[in-house]
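>>> please find the sequence and the predicted model below.
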Amino acid sequence: MNTAAQHLWNKPFILCLANNLFLFIFYFAQTAILPIYIVNDLGGSLSQAGLAMTLFMASAIAVRPFSGLIIEKLGAKKTLYISETLFCLFSLAYVMADNLTALLLIRFLHGIWFSILTTVAVPIANEFIPAARKGEGMGYFLMSINLGIVLGPLLGLSLIQSMPYTAIAGILAGFIVLGFIFCLLIPLPADQKPEPRAEKRRLGVHDFIEFKALPVALMAMMISFSYASIMSFIATFAESKHMLAYASMFFAVFALSMMVLRPITGKLYDRKGPNAVVYPALILFAIGLAVLAQIESVAGLLFAAVLIGMGFGSAQPCLQTISIQRSPKDRIGHATSTYFTGYDLGIATGSIVIGMLIADAGYSAAYLCCAALVLFSLLYYKFAVAQKSA
């Protein structure tokens, strides 16, 4: 794919951003309101509501390592159109999910196409980012996810108070359809046919993993493991401190902090290199987790949100950009799937292990352990990632 873009804010890149934003508004809105629908309308239990979340993540994680191979075999354009079409169809299916069994099946199958779609979206967007502004461009691309984190739950939870779930599901599906229309407007050239092979060979590990991106993926797994303590448990933590009313404010401040720094850290990455971003970002992330472990006031909660948003929000896009730049151009899809596999595994295992740690030792100990892991990841970065980037 050859981009003619001479500046960052070109039309194809903006279309990629819009599609990604709508995708994650849908995802986070459904994550926020599905438990309410399952418990109140379908008569399900909280454990069944949790199962609906787990099935989506399980299928997404299972398919993620294959996503790069799918992109290689089908091409980015065909993969985008197929995955976006099927993601649209399953998004519309929520409107008709009037029983728990059907909803759980939709969640499982939907996760498959979410995994492939979010993987192929990265190399496509990357093609429309000028070479000298990769750090800044990928930062803005991931900012669309941060906006989805805020706007999705805000939209879903606001509408669920006055509208039935099926109507909200229809509105959210409309966002996905609109995003698909944007995809059709992106000027993607025809996919190149793969080179014919002299003889057939068995699939190997190289077909699923980009080894040049693997050290960065392991790094992402460590920091996403710690981030799971925020994503999965900040609401219950706030409730334990009698601050549940401020949990949504935590996420708003968290996302705002990420977005405020994103233009600065992206330019710093391009001019000074990744080390200038990763080291201070992870130190801020660790300090934020340590502060969270000690807070007793709303001001402390929101201060921790600022530090964690600035730290985690700056480190994540930087690491993903490293994984892309380190890999050959024809392996960007594999690099992206390798990175996201590590990231998803960190979230999944972190949610389980941190939950057990909280039950056994309490929130403060859990957040301090997460802070220690982030500091350890700094050493890992220095010896396993930074030196190879030099």
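In hand now; what should we look at?

>>> where does Gly44 land in three-state SS?
coil (DSSP: H, G, I helix; E, B strand; the rest coil).

>>> and it, how many neighbours does it have?
By the measure other Cβ atoms under 10 Å, the count of residues near Gly44 is 21. For the C-beta atoms, the positions are set from N, CA and C on the backbone; glycine is no exception.

>>> swap in Leu214?
Considering only other Cβ under 10 Å, Leu214 is surrounded by 18 other residues.

>>> Thr338 is in contact with that one, correct?
Yes. Counting by Cβ atoms under 8 Å, Leu214 does reach Thr338; the two are 6.0 Å apart.

>>> how about the helices in the stretch 251-390 of the chain?
275-294, 298-326, 332-361, 363-380, 387-389 (DSSP state H, counting those that start in this stretch).

>>> who are the contact partners of the closest residue to Ala290 other than its chain neighbours?
Leaving aside its sequence neighbours, Ala290 sits nearest to Ala371 (Cβ to Cβ, 6 or more residues apart in numbering; 4.5 Å). For Ala371, the contacting residues are 226, 286-287, 289-290, 293, by Cβ atoms under 8 Å, 6 or more residues apart in numbering.

>>> care to break this structure down by domain?
7-189, 209-390 (automatic domain parsing).

>>> from the chain's centroid, how far away is the first one?
Yep, that's domain 7-189 we're talking about. Computed by Cα atoms, centre = their mean, to the nearest Å, the chain-centroid distance of domain 7-189 equals 10 Å.

>>> residue closest to the middle of this structure?
Centre of the chain computed as the mean C-alpha position; nearest residue by Cα atoms, centre = their mean is Ile145, 6.6 Å away.

>>> that one sits in which helix or strand?
Assigned by DSSP states H and E, Ile145 belongs to helix 134-159.

>>> just Ser224 next, same as before
Per DSSP H and E, Ser224 falls inside helix 214-231.

>>> now do that helix: which elements does it pack against?
helix 275-294, helix 298-326, helix 332-361, helix 363-380 (3 or more Cβ pairs under 8 Å, 6 or more residues apart in numbering; DSSP states H and E).

>>> tilt between that helix and helix 298-326?
Using axes from the mean of the first three to the mean of the last three Cα atoms, to 10 degrees, the inter-axis angle of helix 214-231 relative to helix 298-326 is 160 degrees.

>>> in helix 214-231, what's buried?
214-230 (16 or more other Cβ atoms under 10 Å).

>>> after that helix comes which helix or strand?
Assigned by DSSP H and E, the successor of helix 214-231 is helix 234-240.

>>> now do that next one: everything it contacts.
Outside helix 234-240, the residues touching it (Cβ under 8 Å, 6+ apart) are 244, 246-247, 250-251, 292, 301, 363.

>>> would you mind checking these for buried ones?
By 16+ other Cβ under 10 Å, the contacts of helix 234-240 give 246-247, 250-251, 292, 301, 363 as buried.

>>> could you dump these to a markdown table with pLDDT and distance to Val63?
A markdown table is the format used below for the buried ones among the contacts of helix 234-240 (pLDDT from 0 to 100; distance: Cβ to Cβ, whole Å):
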| residue | pLDDT | distance to Val63 |
| --- | --- | --- |
| Tyr246 | 83 | 37 |
| Ala247 | 76 | 31 |
| Phe250 | 85 | 31 |
| Phe251 | 78 | 28 |
| Leu292 | 95 | 33 |
| Leu301 | 93 | 36 |
| Tyr363 | 91 | 33 |
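
>>> to Leu172, which of the helices and strands packed on helix 214-231 lies closest?
helix 332-361 (22.0 Å; Cβ to Cβ).

>>> what are the buried residues along that closest one?
Across helix 332-361, burial judged by 16+ other Cβ under 10 Å covers 332-348, 350-351, 354-355, 357-358.

>>> what of stretch 273-290?
In stretch 273-290, counting by 16+ other Cβ under 10 Å, buried: 273-275, 277-278, 280-290.

>>> now that stretch, how far from the centre of its chain.
When distances are taken as Cα atoms, centre = their mean, stretch 273-290 is centred 19 Å away from the chain's centroid.

>>> what about the chain, any weak spots by pLDDT?
Residue ranges of the chain with pLDDT under 70: 1-6, 46, 191-204, 387-390.

>>> count of residues packed around the nearest residue to Phe114 once chain neighbours are set aside?
Closest residue in space to Phe114, ignoring its immediate chain neighbours: Ala60 at 5.4 Å, by Cβ to Cβ, 6+ apart. Residues near Ala60, counting by other Cβ under 10 Å, number 24.
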